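Colleague: quick one: sequence plus predicted model below, questions after.
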Amino acid sequence: MSFTAEVRDELSRCVPACEYCNLATLAALTRVCGTLGVSGSGRYRLQVATETGAVARTMIGLTHQMLKLETEFTVRKSVLHRVRNYLIVLPDQPDLEKALVLLGILDRSGGLVRGVPHHVVARDCCRLSYIRGSLIAGGFVADPRGDFHLEISVQGEEYARALADLIGQVGVPARVNARRGSFAVYIKSARDIRRLLEMLGAARSVRDIDEARAMKSVKNDVNRRVNAELANQGRSAAGAQRQIEMIERLEREGLRQSLPDALADFCDLRERYPDLSLRDLGQMADPPLSKSALYHRVLRIEKLLDGAEF
């Protein structure tokens, strides 16, 4: 099961906080996944198609529980993609139009509601239930072991921006982007994704995100340490090679024989251990010398060579 499917399934099993929360969840499911057909005056047919079992289960359960409406349910299996497709149909029936108004699909005059219906999300808990329903219906949550990304695919720019604004009202910033004829309400921050899922009640998914973030932190720390060590080794190797070249130049210019004892000892030590860093080279001296002490001897040799040029 994909991480998205796990999140959807967990969210579909959340217990409502108040008697209106289920209505908000059902309203979001219907708005995101549903297609409304109109034939004649006041004759409607609502169709919800999904490949997600959590959507089908929640849609049918809440429709029967809250709206007391007749539903037709069909399961189809795609031979090509080897996935099931669930089709829930609410055929034309006496109370369907009232239900559509209650869900915020239609307004009282029979017109389509373009944004998020205000009466459905009047309470804080109902806002969360509406967001939960939209995420169950059209959400995608990337596996946290890879890149962090959450998005909800919807139809209509006005509705997408209204949904993003609703998510912003609960304290999580969301953005909108056009996607091949539809719109995506998306969040990319791991912290914001975690916060939203926690507020929506997906505790198990939040733990998975925390574990993935901890693992990424460890891997990033190891990578930083390895990169730093490789860089240090590269600098040490380059420095050691330069010091060997300085010693060879002292030989060519006849300056080595007249070096002070400290500098002569450094040259002998470097020639015996051409690959060691200054820190490790100092441990080979008798008595041991600090990295700083050896570095100052290198600077003295550099100054001596600079003076020899003149």
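Modeller: Okay, I see it. Residues are numbered from 1 along each chain as shown.
Colleague: where does Asp208 fall, helix, sheet strand or coil?
Modeller: helix (DSSP: H, G, I helix; E, B strand; the rest coil).
Colleague: mind pulling up the pLDDT for it?
Modeller: On pLDDT, Asp208 comes in at 88.
Colleague: check Glu253 too.
Modeller: For Glu253, the model assigns a pLDDT of 86.
Colleague: can you tell me how far it sits from Leu304?
Modeller: Using Cβ to Cβ, to the nearest Å, one gets 10 Å for the distance from Glu253 to Leu304. C-beta coordinates here come from the backbone N, C-alpha and C atoms, glycine included.
Colleague: before we move on, what about Leu196?
Modeller: Leu196 is 66 Å from Leu304, by Cβ to Cβ.
Colleague: sketch out the low-pLDDT regions of the protein for me.
Modeller: Scanning the chain with the threshold set as pLDDT under 70 gives 78-81, 308-310.
Colleague: re earlier: between Glu253 and Leu304, which one's more packed in?
Modeller: Leu304 (17 against 12; other Cβ atoms under 10 Å).
Colleague: name the nearest residue to the more buried one, ignoring sequence neighbours.
Modeller: Nearest residue to Leu304, sequence neighbours excluded (Cβ to Cβ, 6 or more residues apart in numbering): Leu255, at 6.7 Å.
Colleague: please identify the helix or strand for Leu46.
Modeller: Here Leu46 sits within strand 44-50, counting by DSSP states H and E.
Colleague: strand partners (parallel or antiparallel) of that strand?
Modeller: Strand 44-50 sits in its sheet next to strand 34-38 (antiparallel), strand 84-90 (antiparallel), going by DSSP bridges.
Colleague: TSV for the ones you listed, including distance to Leu67 and mean neighbour count?
Modeller: TSV is the format used below for the strands paired with strand 44-50 (distance: least, Cβ to Cβ, whole Å; neighbours: other Cβ atoms under 10 Å):
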stretch	distance to Leu67	mean neighbour count
strand 34-38	13	15
strand 84-90	8	18
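Colleague: name the SS class of Cys14, please.
Modeller: coil.
Colleague: hey, what's the closest residue to Leu36 other than its chain neighbours bridged with?
Modeller: Spatially, and ignoring its direct neighbours in sequence, Leu36 is nearest to Leu46 (5.6 Å; Cβ to Cβ, 6+ apart). Counting by DSSP bridges, Leu46 is bridged to Leu36, Leu90.
Colleague: what number of residues lie near Leu46?
Modeller: Neighbours around Leu46, by other Cβ under 10 Å: 22.
Colleague: do Met1 as well
Modeller: For Met1, using other Cβ under 10 Å, the count is 7.
Colleague: any chance you could map the helices in the stretch 51-200 of the chain?
Modeller: Taking DSSP state H, counting those that start in this stretch to define them, one finds helices in the stretch 51-200 of the chain at 53-62, 96-102, 124-138, 157-169, 190-200.
Colleague: what helices or strands is the shortest one leaning on?
Modeller: In other words, helix 96-102. strand 44-50 (3 or more Cβ pairs under 8 Å, 6 or more residues apart in numbering; DSSP states H and E).
Colleague: picking that back up, burial count for the residue nearest to Leu304?
Modeller: 16.
Colleague: look up how far Leu200 lies from it.
Modeller: Distance from Leu255 to Leu200, by Cβ to Cβ: 76 Å.
Colleague: same check, this time on Arg175
Modeller: 18 Å.
Colleague: so between these two, which is more surrounded?
Modeller: Leu200 (22 against 15).
Colleague: from memory that one sits against Leu128, does it?
Modeller: Yes: using Cβ atoms under 8 Å, Leu200 is in contact with Leu128, at 5.9 Å.
Colleague: rewinding a little: roughly how far out does the strand holding Leu46 sit from the chain middle?
Modeller: 32 Å (Cα atoms, centre = their mean, to the nearest Å).
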